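Student: Provided below for reference: sequence and predicted model.
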Amino acid sequence: MDLNHVIFILAGIIVIAFIIGIIIRVKKRSSELEKTLKNEISEKEPVSLKIKLAKTKNSFIGRIADLVSQREKLDEELLEDLEEILIQADLGVKTTLDIIKKLSEKIRNERISNSSEIKQILENIVRELLLKDYSLDSDFFHLQNKKPFVILFAGVNGVGKTTTIGKLAKRFKDKGKSVLLIAADTFRAAAIEQLSIWADRAKVSIIKPQPGADPASVVYDGLISAINKKIDVVLIDTAGRQHTKINLMNELSKMSRTIKKVVPDGPQETLLVVDATTGQNAISQAEMFNEAINLTGLVLAKLDGTAKGGIVIGIKHQLNIPVKLIGVGESLDDLRDFDVEEFVKAIFE
Ligand SMILES: Nc1nc2c(ncn2[C@@H]2O[C@H](COP(=O)(O)OP(=O)(O)O)[C@@H](O)[C@H]2O)c(=O)[nH]1
Ligand SMILES: [Mg+2]
């Protein structure tokens, strides 16, 4: 082997090493890029509940913080002002009085004299109240292996039923479930169309009846079709109705009975959607709907735009019906499980 050969082989080795070096660097760069991309995607988390509930926080805990900062002494007068804030934050009179009573007992027993401690005591009382008989486990997402799992939605006009159904359909769909929407709000053609738009957005199927069709028959036919197609979840939209109109409430009971004819243990969930911005009226709505169709839970919609979020506490304390879902906006992803700890933190921290 002469010198030229050796130089040639050495040059070859250097070139190959150089190329390998470049390949390794390119790979490293692309995996770094992938990592940053992944981070960016995971940073695009949903807006925190704290931001969504900012108005409630300001009008409720914000005012309490102001009160406490102005007056150090914890006396009767301060408790009266606190009572007024709680009532104005839509906790309702009964709930407010019960909370103030607990608070006074605690203050007396532990000889608390400085107003700065009020916020923490109140937070504990509210948390305890909300946690009573509560489990975060949003059970209907497990579907208990029932097929179809039927959820009937009811509520007065404009509270957010159709929107909630659209959002919930998307959540089930994302969990790999087949979903069928039944437009049993046959009163207005526009209502059927509105649900159909949500079905498109959530990419789920829908039964669209003729406007004016009998809602109970629509439900019946829809469920038969769901069984034939082996659908996992059926969400039934109904026309808005005032809880005081007896004939409309009877129509709703009839729909509920019709469901049982096709799906004997259905509807597995009967959810009342209430508009958080209506405040205390939500409680009488829930009471009367519950008499007609035995509610299994509440959906509290429009919690985002309101300062009346304290209604969550009032509803929980006065009714024995769990708040299962909360609506915090108008888009597809704005429906959340009602998580007590998250709610308390969003309001108090
Ligand atoms: N900000 C906000 N608006 C909502 C929410 N849910 C529903 N809406 C709005 O409330 C209005 C009535 O909703 P819709 O679903 O048609 O009510 P329905 O008559 O009960 O079916 C619509 O403009 C919705 O966009 C929510 O959680 N937050
Ligand atoms: Mg509707």
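Tutor: Thanks, I have the structure now. Numbering: from 1, shown residues only. Ligands and ions are numbered 1, 2, ... in the order given.
Student: and the protein, which residues reach ligand 1?
Tutor: 155, 157-163, 240, 273, 301-302, 304-305, 327-330, 334 (Cβ under 6 Å from any ligand atom). C-betas here are computed from N, CA, C, even on glycine.
Student: which of those residues fall within helices?
Tutor: Residues of the residues of the chain next to ligand 1 located in helices (DSSP state H): K161, T162, T163.
Student: contacts with ligand 2 among those, please.
Tutor: Filtering these for proximity to ligand 2 by Cβ under 5 Å from the ion leaves K161, T162.
Student: buried subset of the ones in helices among the residues of the chain next to ligand 1?
Tutor: The neighbour count (16 or more other Cβ atoms under 10 Å) marks K161, T162, T163 as buried among these.
Student: between the residues you listed, which is closest to E117?
Tutor: Set against E117, the nearest of these by Cβ to Cβ is T163 (41.0 Å).
Student: right, and the closest one touches G327 too?
Tutor: Yes - with contact taken as Cβ atoms under 8 Å, T163 and G327 are classed as touching, separated by 6.9 Å.
Student: which residues are in contact with both of these two?
Tutor: Listed contacts common to T163 and G327 are A301; contacts here mean Cβ atoms under 8 Å, 6 or more residues apart in numbering.
Student: mind giving me the packing neighbours of the host helix or strand of S196?
Tutor: Per DSSP states H and E, S196 falls inside helix 189-202. In this structure, helix 189-202 packs against helix 161-174, strand 179-184, strand 205-207, with contacts taken as 3 or more Cβ pairs under 8 Å, 6 or more residues apart in numbering; DSSP states H and E.
Student: how far away from the center of its chain is the last one?
Tutor: Put simply, strand 205-207 sits 23 Å off its chain's centre (Cα atoms, centre = their mean, to the nearest Å).
Student: now do the buried residues in stretch 198-206.
Tutor: By neighbour count on 16+ other Cβ under 10 Å, the buried set for stretch 198-206 is W198, A199, A202, V204, I206.
Student: which stretches in the protein count as strands?
Tutor: Ranges of strands in the chain, per DSSP state E, are 149-154, 179-184, 205-207, 233-238, 269-275, 297-301, 323-327, 335-337.
Student: what's the closest of those strands to ligand 2?
Tutor: Closest to ligand 2 of those is strand 233-238 (Cβ to the ion; 6.0 Å).
Student: just checking: what are the partner strands of the closest one?
Tutor: Each strand that pairs with strand 233-238, with its direction, by DSSP bridges: strand 149-154 (parallel), strand 179-184 (parallel).
Student: which parts of this protein sit against ligand 2?
Tutor: The chain has residues K161, T162 near ligand 2, with proximity defined as Cβ under 5 Å from the ion.
Student: in the chain, what residue comes closest to ligand 1?
Tutor: Going by Cβ to the nearest ligand atom, ligand 1 is nearest to G327 of the chain, at 2.6 Å.
Student: the spatially closest residue to that residue that is not a sequence neighbour bridge partners, please.
Tutor: Excluding its sequence neighbours, the residue lying closest to G327 (Cβ to Cβ, 6 or more residues apart in numbering) is A301, at 3.4 Å. Note on A301: beta-bridge partners by DSSP bridges are D275.
Student: so what's A301 up against?
Tutor: A301 neighbours (Cβ under 8 Å, 6+ apart): V159, G160, T163, T164, V273, V274, D275, A276, I326, G327.
Student: what of I259?
Tutor: Shown in contact with I259 (Cβ under 8 Å, 6+ apart): V150, L152, V219, L223, I236, G266, P267.
Student: give me the mean pLDDT for the helix holding S196.
Tutor: Summarised as a single mean, pLDDT over helix 189-202 is 96.
Student: output it as PDB - backbone C-alpha positions only.
Tutor: Extracted in PDB, the C-alpha atoms of helix 189-202 (Å, rounded to 0.1, in the frame of the first residue of the first chain):
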ATOM      1  CA  ALA A 189     -87.700  24.400  12.700                       C
ATOM      2  CA  ALA A 190     -84.900  26.600  13.800                       C
ATOM      3  CA  ALA A 191     -84.400  24.500  17.000                       C
ATOM      4  CA  ILE A 192     -83.900  21.400  14.900                       C
ATOM      5  CA  GLU A 193     -81.500  23.200  12.600                       C
ATOM      6  CA  GLN A 194     -79.500  24.500  15.600                       C
ATOM      7  CA  LEU A 195     -79.000  21.000  17.000                       C
ATOM      8  CA  SER A 196     -78.100  19.800  13.600                       C
ATOM      9  CA  ILE A 197     -75.300  22.400  13.400                       C
ATOM     10  CA  TRP A 198     -74.000  21.200  16.800                       C
ATOM     11  CA  ALA A 199     -74.100  17.600  15.500                       C
ATOM     12  CA  ASP A 200     -71.900  18.700  12.500                       C
ATOM     13  CA  ARG A 201     -69.500  20.400  14.800                       C
ATOM     14  CA  ALA A 202     -69.200  17.400  17.200                       C
END
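Student: point out where this structure drops to low pLDDT.
Tutor: Applying pLDDT under 70 to the chain flags the ranges 1, 30-31, 33-45, 137-144.
Student: ranges for the helices of it?
Tutor: Using DSSP H, the helices of the chain run over 3-43, 49-52, 54-57, 63-70, 76-88, 93-109, 118-131, 161-174, 189-202, 215-228, 246-262, 281-293, 311-318, 340-348.
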